[in-house]
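Visitor: okay, sequence plus prediction incoming.
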Amino acid sequence: MKQHKTPSNKDDLFTASQICTIAGISRRQLQYWDTSGLVNPSHRTGGGHGRYTFRDLISIRAARKLIDAGISVQRLRKSINQLKRILPTIKRPLEDLTLVATGDVILVFYEDAAFEALSGQEWILDIADIQRDVDKWRKKRIVIGKFRKATAVNER
C-alpha cells in the first residue's frame, strides 16, 4: 500500500467549504458525515474547525460514489466499521480498499479476493447455476421449436 505524505503546512489542508466545492457535496452532508463518524477531518484548528487532507478528500469522494449508487449512510458506516474489524491493518477503508456497490451490497476487492463488507462472506459467482440456467433455456427452446413445427404442419 502506498503511503501518503502528511501535510507539511496549512496549504496542504482544505477547509470544509473547499472540500464541499471539490467533492460536490453540501456543507450539511459533510457535517453529518463528520458527526456520524463516516469521514472525519484529519486535523482540527484551535477553534475546532475541521481541516481536510487529500486523503480525506479521497474518502469523501468514495463515500459519495457509494451513496450515489444507493448505499445508505448507515449501511456504509456499518460496513466501514466492520471492515476495520475484519482487516485491522486497514485504517481507512474508503481510501485504502476498492469498494463497489451492487444493489445495497458493498463488495470489497482486497488482494485476490472479493467479499461482502458487512458479513465478510466471500463473493463467489456460481458458474454451475449459470450453466443450469443455460441448459434450462435450451430445453425450453427445443420444446417451443417442436411445438411451432407441429402447429405449422397442422395449419397446412
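Guide: Looks like it came in fine.

Visitor: go ahead and confirm residue 105 touches residue 116.
Guide: Yes - between residue 105 and residue 116 there is a contact under Cβ atoms under 8 Å: 5.8 Å. From N, CA and C alone the C-beta is placed, and that goes for glycine too.

Visitor: other residues contacting stretch 66-76?
Guide: By Cβ atoms under 8 Å, 6 or more residues apart in numbering, the residues outside stretch 66-76 that reach it are 32-33, 36, 38, 63, 79, 99, 101, 103-104, 106, 118.

Visitor: my bad, should have said stretch 114-133
Guide: Against stretch 114-133 from outside (Cβ under 8 Å, 6+ apart): 75, 78-80, 82-83, 86, 99, 105-108, 113.

Visitor: pLDDT below threshold where in this structure?
Guide: Applying pLDDT under 70 to the chain picks out residues 1-11, 125.

Visitor: which helix in it has the most residues?
Guide: Selection of the longest helix in the chain by residue count, based on DSSP state H, yields helix 127-155.

Visitor: buried residues, it. List them.
Guide: For helix 127-155, the neighbour count (16 or more other Cβ atoms under 10 Å) marks no residue as buried.

Visitor: got phi/psi on residue 58?
Guide: phi -60, psi -40 (degrees, to the nearest 10).

Visitor: which SSE is the residue nearest to it when sequence neighbours are not counted in?
Guide: Closest residue to residue 58 apart from its sequence neighbours, by Cβ to Cβ, 6 or more residues apart in numbering: residue 95 at 4.7 Å. Per DSSP states H and E: residue 95 is located in helix 93-96.

Visitor: residue 115 - that's part of a strand, no?
Guide: Yes - counting by DSSP: H, G, I helix; E, B strand; the rest coil, residue 115 is part of a strand.

Visitor: quick one, phi psi at the closest residue to it other than its chain neighbours?
Guide: Distances taken as Cβ to Cβ, 6+ apart place residue 122 nearest to residue 115, at 4.8 Å, with adjacent residues excluded. Dihedral pair for residue 122: phi -70, psi 140, per degrees, to the nearest 10.

Visitor: residue 122: neighbouring residues, count only.
Guide: By other Cβ atoms under 10 Å, the residues close to residue 122 number 9.
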